[in-house]
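> Sequence first, predicted model second:
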Amino acid sequence: MVKVVKFGGSSLASAEQFKKVGNIIRAEESRKYVVPSAPGKRFDDDTKVTDMLYKCYAEAEAGKNIEKPLKAIKERYNEIIKGLKLKLSLDEQFETIKKQFESKAGKDYAASRGEYLNGIIMANYLGYEFIDAATVICFDKNGEFDAEKTNTVMSARLAKTKNAVVPGFYGAMPDGTVKTFSRGGSDVTGSIVARALKADVYENWTDVSGFLAADPRIVKNPKPITIITYKELRELSYMGASVLHESAIFPVRKEGIPINIRNTNAPEDPGTMIVETTCVKPECIITGIAGKKDFVSISIDKDMMNSEIGFGRKVLQVFEDNGISFEHMPSGIDTMTVFVHQDEFMEKEQKVLAELHRAVKPDVLELEPDLALIAVVGRGMKNSTGIAASIFTALAKAKINIKMIDQGSSELNIIIGVRNRYFEDAIKTIYGVFVAEEK
Ligand code: ASP
């Protein structure tokens, strides 16, 4: 059995946290490959090392002296080294980093040092081999992640090891320039390593015991999700459930490897299993609810729209030309409505409206801002009857007006549009329909 274990920044923020991680790794022989993040926050208003690095590099770019901010970063690491009683010095690495910062090696290089240094400490602490991610995670010359090349290079390299630490978040372009994923990208590295090893499980250790069926800031004590499919997770993550980086499922999905989200501070909790498919029925038909605020709907009316071939394409072309992605597009015989993110739309509002007029000559064009979209997600909804009925009855009883309904043919989710101000109440109401709230 081989497990890839990725630890997030809060799991590695201090020597105390490192010790918990060490215990977790040593508890199972299968935990042979480790992907660490950079040290995160030790307390609420602490600063993540990645943010310290970005700031320090900005100062270097501005030609300022970086002695002080670099020392503060070094102290974060030295505190961990000391707390773990390791015989390790990062003096040499910091000398190089200073020089590279001063010669403006790039923002990505700067940020990547957080994981790089934490990886060196982790390898030393565990007695595992250290593999610099720049040698095994490949980006192409345009800075796009090259999944297939990476898989070949990574598998070949890992085949020569018994156990190893591969720092998260970064890789390199063909000319050696360091390139990072987007923030939170160590989750992606973990998934890539798991794919390359054809691991049995990808364990992603963080500071929560997995996904919850709803946002705990809205619903009191929401139920934990014990098992969820990749597809369901994708729907929920897209709509704001943020435990895992949204791209992290793609590499493991290629090999059908499950991801297990676990809590470093409560290792006895089973966490959430993310799987390709399962016969395990969700406890309460729906798996989870998530949502986002601040959408705007653009409604277009035109008599005989229905018979005008190419109408939809022309409308969407306007959005495409303006670089605005659309979220949903419910339509009637002579109407069509496009939902877009308010902040993306606002900047180009009048331009888009003028272009729509030119493109399709509508009878009426109407805008409605401040809308929220809520996704009710669950593999259990397929072929069950009465689900939509219960949701809408409950919303009606709660006097929440529904602005839009969309159910994809997969029957995996129902998207409901409401005004921003009903967002929280709508989520609570829907949750209440399926899950008896715990006292
Ligand atoms: N350290 C990086 C960040 O703060 C990447 C990660 O933690 O996954 O975004």
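Sure thing, it's come through. Numbering: from 1, shown residues only.
> use CA for all of it now, contacts and neighbours both
OK.
> Now name the helix or strand holding the closest residue to residue 423 other than its chain neighbours.
Leaving aside its chain neighbours, residue 423 sits nearest to residue 372 (6.2 Å; criterion: C-alpha to C-alpha, 6 or more residues apart in numbering). Taking DSSP states H and E as the definition, one finds residue 372 inside strand 364-377.
> Give the pairing partners of that strand; include direction for each.
Strand 364-377 has its sheet partners listed here by DSSP bridges as strand 288-301 (antiparallel), strand 413-419 (antiparallel).
> Is it possible to get CSV of those strands that adds mean neighbour count and mean pLDDT?
Formatted as CSV, the strands paired with strand 364-377 follow (neighbours: other C-alpha atoms under 10 Å; pLDDT from 0 to 100):
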stretch, mean neighbour count, mean pLDDT
strand 288-301, 22, 96
strand 413-419, 22, 94
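> Tabulate those in a markdown table, adding columns for distance to the ligand.
Putting the strands paired with strand 364-377 into a markdown table (distance: least, C-alpha to the nearest ligand atom, whole Å) gives the following:
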| stretch | distance to the ligand |
| --- | --- |
| strand 288-301 | 22 |
| strand 413-419 | 29 |
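> now those as CSV including distance to residue 397?
Listed next are these as CSV, based on distance: least, C-alpha to C-alpha, whole Å:
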stretch, distance to residue 397
strand 288-301, 19
strand 413-419, 15
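> and the residue of the stretch 251-400 of the chain at minimum distance from the ligand, how many neighbours does it have?
For the stretch 251-400 of the chain, the residue closest to the ligand is residue 261, as judged by C-alpha to the nearest ligand atom, at 14.2 Å. By other C-alpha atoms under 10 Å, the residues close to residue 261 number 27.
> circling back: can I assume the residue nearest to residue 423 is in contact with residue 327?
No. With contact defined as C-alpha atoms under 8 Å, residue 372 and residue 327 do not form a contacting pair (11.6 Å).
> higher neighbour count, the two?
Per other C-alpha under 10 Å, whichever of residue 372 and residue 327 has more neighbours is residue 372, with 24 against 12.
> which residues does the more buried one bridge with?
Taking DSSP bridges as the rule, residue 372 bridges to residue 418.
> What parts of this structure come near the ligand?
Residues of the chain lying close to the ligand by C-alpha under 6 Å from any ligand atom are 8-9, 37-38, 50, 169, 183-187.
> among the residues you listed, which ones are buried?
8-9, 37-38, 50, 169, 184-187 (16 or more other C-alpha atoms under 10 Å).
> Just give the nearest non-adjacent residue to residue 70, would you?
residue 56 (6.8 Å).
> Quick one: residues contacting residue 279.
By C-alpha atoms under 8 Å, 6 or more residues apart in numbering, the contact list for residue 279 is empty.
> That one: which element?
Using DSSP H and E, residue 279 sits in no helix or strand.
> Likewise for residue 6?
Assigned by DSSP H and E, residue 6 falls within strand 3-7.
> Whichever helix or strand comes after that strand packs against which elements?
Using DSSP H and E, the helix or strand that follows strand 3-7 in sequence is helix 15-27. If you count contacts as 3 or more C-alpha pairs under 8 Å, 6 or more residues apart in numbering; DSSP states H and E, helix 15-27 packs onto helix 67-83.
> Just the mean pLDDT for whichever helix or strand comes after the helix it packs on, thanks.
Per DSSP H and E, the first helix or strand lying C-terminal to helix 67-83 is helix 91-102. Averaging pLDDT along helix 91-102 yields 97.
> Residue 68 versus residue 191, what's the distance?
Using C-alpha to C-alpha, to the nearest Å, residue 191 is found at 36 Å from residue 68.
> For the two, indicate the residue with more neighbours.
Shown here are residue 191 and residue 68; by other C-alpha under 10 Å, residue 191 has more neighbours (30 against 10).
> related to what we said a few turns ago, quick check, the residue of the stretch 251-400 of the chain closest to the ligand in a strand?
Yes. Assessed by DSSP: H, G, I helix; E, B strand; the rest coil, residue 261 belongs to a strand.
> Count the residues that sit near the nearest residue to residue 355 once chain neighbours are set aside.
Once flanking residues are discounted, residue 355 sits nearest to residue 318: 6.4 Å by C-alpha to C-alpha, 6+ apart. Each residue near residue 318 was counted by other C-alpha under 10 Å, and the total is 19.
> which ones are touching residue 318?
352, 355-356, 359.
> change it to 7 Å
With contact taken as C-alpha atoms under 7 Å, 6 or more residues apart in numbering, residue 318 is in contact with 352, 355-356.
> okay, those in JSON lines with pLDDT and secondary structure next?
JSON lines is the format used below for the contacts of residue 318 (pLDDT from 0 to 100; DSSP: H, G, I helix; E, B strand; the rest coil):
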{"residue": "352", "pLDDT": "97", "secondary structure": "helix"}
{"residue": "355", "pLDDT": "98", "secondary structure": "helix"}
{"residue": "356", "pLDDT": "97", "secondary structure": "helix"}
